[in-house]
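*Asks:* here is my input, please return the structure:
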Amino acid sequence: MSNRFKPKYNIKKGDEVVIIAGDDKDLKKPRKVLSVIIDKGRVVVEGVNIITKHTKPSAQNTKGGIVKIEAPIHISNVMLWDAKTGGPSKIKRSKVDGKLVRIAKKSGEVIK
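*Replies:* Numbering: from 1, shown residues only. Have a look, this model is predicted:
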């Protein structure tokens, strides 16, 4: 993906999201976003898409062995959690006091 037209996503690191598609689909349980990979359009969510990785012993990890880590999932499979309504919500952007903020469409509340 070129750097000229970098996509803008409504999901940021630290947000609460729900998984709306895939094996870990759960519309009632909010989970935390650990990182957003903007160029690939993927997010790493806590406790979702767990993979087992075989690691060799190194200076940081002297034992090595099998490690379970979260793998990235596509950003279209997650939706922002609206705490006020207690469910997933779409997001709109608007200017408030000259600042661009994210607002949940269901409740109309500003997302920090």
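*Asks:* wait, what's in contact with the spatially most central residue of the chain?
*Replies:* By Cα atoms, centre = their mean, the mean C-alpha position of the chain lies nearest to Val33, the distance being 3.9 Å. Neighbour list for Val33: Ile11, Lys12, Lys13, Gly14, Asp15, Glu16, Val17, Val43, Val44, Val45, Glu46, Val78 [criterion: Cβ atoms under 8 Å, 6 or more residues apart in numbering]. In this view, the C-beta of every residue, glycine as well, is placed from N, C-alpha and C.
*Asks:* phi, psi of it?
*Replies:* Dihedral pair for Val33: phi -80, psi 120, per degrees, to the nearest 10.
*Asks:* Asn77 too?
*Replies:* Torsion angles, degrees, to the nearest 10, at Asn77: phi -90, psi 0.
*Asks:* my guess is Val48 meets Val18, correct?
*Replies:* No: in this structure, Val48 is not within contact of Val18 by Cβ atoms under 8 Å, at 10.2 Å.
*Asks:* give me the common contacts of the two.
*Replies:* Contacts common to Val48 and Val18, judged by Cβ under 8 Å, 6+ apart, are Arg31.
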